[in-house]
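*Asks:* Turn this into a structure:
(chains A and B)
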2 protein chains.
Amino acid sequence: MRALLFDVFGTCVDWRTSVISEARERGLPDAVADAWRAQYQPLMETVHSGGRPWVNLDVLHRIGLNRVLADLGLSMAEAERAAFTTVWHRLGPWPDTVAGLERLKRRFIVAPCSNGHIALTVNMARYAGLPWDAILGAELAHAYKPQPEVYLRSVRALGLEVGEVTMVAAHNGDLEAAAALGLGTAFVARPTEHGPGQTTDLEPAHAYDVVARDFLELADRLGA
Amino acid sequence: MRALLFDVFGTCVDWRTSVISEARERGLPDAVADAWRAQYQPLMETVHSGGRPWVNLDVLHRIGLNRVLADLGLSMAEAERAAFTTVWHRLGPWPDTVAGLERLKRRFIVAPCSNGHIALTVNMARYAGLPWDAILGAELAHAYKPQPEVYLRSVRALGLEVGEVTMVAAHNGDLEAAAALGLGTAFVARPTEHGPGQTTDLEPAHAYDVVARDFLELADRLGA
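*Replies:* Numbers count the residues shown, from 1 in each chain, chains lettered A, B, ... in the order given. All right, here's what the predicted structure looks like:
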C-alpha cells in the first residue's frame, strides 16, 4: 500500500458543528445545517443522471441554500447567500484528524478523494490544517462519488494501481464503491456526524481491510 | 494577491545536480544530465504541434533517455532505464526553497504550475519537502507550458482570477507567457541551473512585478 485517499465531509471534518456555528452567527436556526446537507445527495444526483452538466459544489451548495431558506421561510440578501455558501470551505476537523493525517503522511501519500472541488478542498485544508500531498477527487473526473471514475482518476493521478491505494471513509456507501473497484478499504466511524440522533453508518457494514476508532488508531493499525 | 504558482524544474529544484548524482551512481557520465534535459523542449513540442497526444513526462523522459543513451553509445537494461527515468521524481531543492515556501505558504496559497504530472510532482514534493497546498499544472490541462490553458486551468482550479495569482519562475519565457494572460510575475534567477557556464535567464528580461535573489527575499518582498 502506497497511498490513502480520504473522504472529507464527515470523515475528516465535522461539517455539522461548523455550519451550525456560522448559521448562529448569521442569526439562523440550527436546522439550516441538516436541511442544507439533505439537499446534497439529491443535487449531485442531478449531475449523475445527466440532467445537469458537471458543476462544482459551490454551485450545488448555493442552489441547496436557496431551497432551504425558501422551505424555512427565511430571507437573506444575495451577497450574504454567496458568503454563507462558502462556509463549506471553512469546516473544522475532528479532534484526531490533523494529528492522525500527519502520522499517516510520514509513511503514505495522503490525499482527499472528495466531492469537493479543488478550490474548496484547498481552502478547507488551509483552514483546518489538513496536510494533504495533493488535492484529488471529483473535479479531476468531472463526476461525483460514488461514480467509479472519481476513484479511478484519483488513483491514476498518483501513478498507482488500485491495489496500492486504500480509501478511508466514515460512510459504508463510499467504501462499497471503492471496494468494487479493487481499492483497499478503511472504515472510521464518525457517530456524531449527523448529530446526537445519528442512525446511519454507526458500524461497518462489511469486512473492510481496516476498521479503526479514529485516525490515530488508523495510524497505529497501519504502522505509521 | 491570493496565490503563488511556481515553476518547479530549475526554479524550485536543482535538477542538474540531482540527475548527475544519480547518473554517477549508475556509472554514467555527467554529460547525460544536460543531454537528457536538452531533449525536454523538443519532445514537449511534439505534443504542442499535435503530432503526439498528451502524454506525461515519464513517457517523454523515457523517450529522451533512450535517445541520449544511443547518442552517447551507452547501453542500459530496460529495467534500469525505467528506474532511472524516475530520477526526475527525486530532485533536490535549492537551499532557500523549502524555508521560502514555508514562509510564503503562511500568507498565500502555494502550488506548482509545472510541466510535471501529478504523480511526479507529488513524489518530488515528498522527496524534497515542498509544502504545496495543491498540485496543479500540465496534467489538469493536458497541455504543456507555455500553452495558455496550463496557467489558466491552474488559476481556475483555485477559484481565483488571473489578477489574484502570481507566477514565480527562473525562466523569462515562462513569465512572459503568464504575463500575457494577466497573471502577476516574480523572477528568481537560478544562475547555476545549467551549470557553471550558464548563459540564459541570468537576468530578468522585463520589468516583472517582483525580482528576488531567492525565495527568502521573495518572502520578504511579499511581506510573508
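*Asks:* Can you mark which positions in the helix or strand hosting A:Thr46 are buried?
*Replies:* Per DSSP states H and E, A:Thr46 falls inside helix A:40-48. Across helix A:40-48, burial judged by 16 or more other CB atoms under 10 Å in any protein chain shown covers A:Tyr40, A:Leu43, A:Met44, A:Val47. C-beta here means a position set from N, CA and C on the backbone, and glycine is covered the same way.
*Asks:* for stretch A:11-21, same thing?
*Replies:* Buried residues in stretch A:11-21 (16+ other CB under 10 Å): A:Thr11, A:Cys12, A:Val13, A:Asp14, A:Trp15, A:Arg16, A:Ser18, A:Val19, A:Ile20, A:Ser21.
*Asks:* Spell out which parts of chain A neighbour chain B.
*Replies:* A:58, A:109, A:111, A:117-123, A:125-126, A:132-136, A:139-140, A:157-160 (CB under 8 Å from any CB of the partner chain).
*Asks:* In this structure A:Val211 contacts A:Leu175, no?
*Replies:* No. Assessed by CB atoms under 8 Å, A:Val211 is found out of contact with A:Leu175, at 10.2 Å.
*Asks:* of these two, who's got more company?
*Replies:* A:Leu175 (27 against 17; other CB atoms under 10 Å in any protein chain shown).
*Asks:* name the element that one belongs to?
*Replies:* Applying DSSP H and E, one finds A:Leu175 within helix A:172-180.
*Asks:* hmm, who's touching that helix?
*Replies:* Applying CB atoms under 8 Å, 6 or more residues apart in numbering or on different chains, the contact partners of helix A:172-180 are A:5, A:7, A:145-146, A:148, A:151, A:167, A:169, A:184-187, A:201, A:204-206, A:208.
*Asks:* So A:Trp54, which state does it fall into?
*Replies:* coil (DSSP: H, G, I helix; E, B strand; the rest coil).
*Asks:* likewise A:Val87?
*Replies:* Relying on three-state DSSP, one would call A:Val87 helix.
*Asks:* Can you read off the pLDDT for it?
*Replies:* If you check A:Val87, the pLDDT there is 98.
*Asks:* Spell out, range by range, the strands that occur in chain A.
*Replies:* Ranges of strands within chain A are A:3-6, A:109-114, A:136-137, A:165-169, A:184-188, A:210-212, based on DSSP state E.
*Asks:* and these as CSV, adding mean pLDDT and distance to B:Ser75?
*Replies:* Listed next are these as CSV, based on pLDDT from 0 to 100; distance: least, CB to CB, whole Å:
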stretch, mean pLDDT, distance to B:Ser75
strand A:3-6, 99, 35
strand A:109-114, 98, 34
strand A:136-137, 98, 39
strand A:165-169, 99, 36
strand A:184-188, 98, 40
strand A:210-212, 98, 45
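*Asks:* Can you tell me which of those is most buried?
*Replies:* strand A:136-137 (a mean of 30; mean count of other CB atoms under 10 Å in any protein chain shown).
*Asks:* Identify the residues contacting the least confident helix or strand in chain A by mean pLDDT?
*Replies:* One helix or strand of chain A scores below all others by mean pLDDT, DSSP states H and E: helix A:40-48, with a mean of 92. Applying CB under 8 Å, 6+ apart, the contact partners of helix A:40-48 are A:Arg52, A:Pro53, A:Trp54, A:Val55, A:Leu60, A:His61, A:Ile63, A:Gly64, A:Asn115, A:Ala143, A:Tyr144, A:Gln147.
*Asks:* Show me which of the buried residues of stretch A:11-21 is closest to A:Phe215.
*Replies:* A:Cys12 (8.2 Å; CB to CB).
*Asks:* what about the closest one, distance to B:Ile118?
*Replies:* 20 Å (CB to CB, to the nearest Å).
*Asks:* residues in contact with A:Met1?
*Replies:* Contacts of A:Met1 by CB under 8 Å, 6+ apart are A:Phe108, A:Glu164, A:Val165, A:Thr166, A:Gly184, A:Leu222.
*Asks:* okay, it: pLDDT?
*Replies:* You'll see A:Met1 listed with a pLDDT of 97.
*Asks:* for A:Gly51, same thing?
*Replies:* If you check A:Gly51, the pLDDT there is 83.
*Asks:* Could you report the neighbour count for it?
*Replies:* So A:Gly51, with other CB under 10 Å, has 8 neighbours.
*Asks:* any idea how far A:Val13 lies from B:Ala169?
*Replies:* 34 Å.
*Asks:* nearest residue to A:Pro112 other than its sequence neighbours?
*Replies:* Once flanking residues are discounted, A:Pro112 sits nearest to A:Val8: 4.9 Å by CB to CB, 6 or more residues apart in numbering or on different chains.
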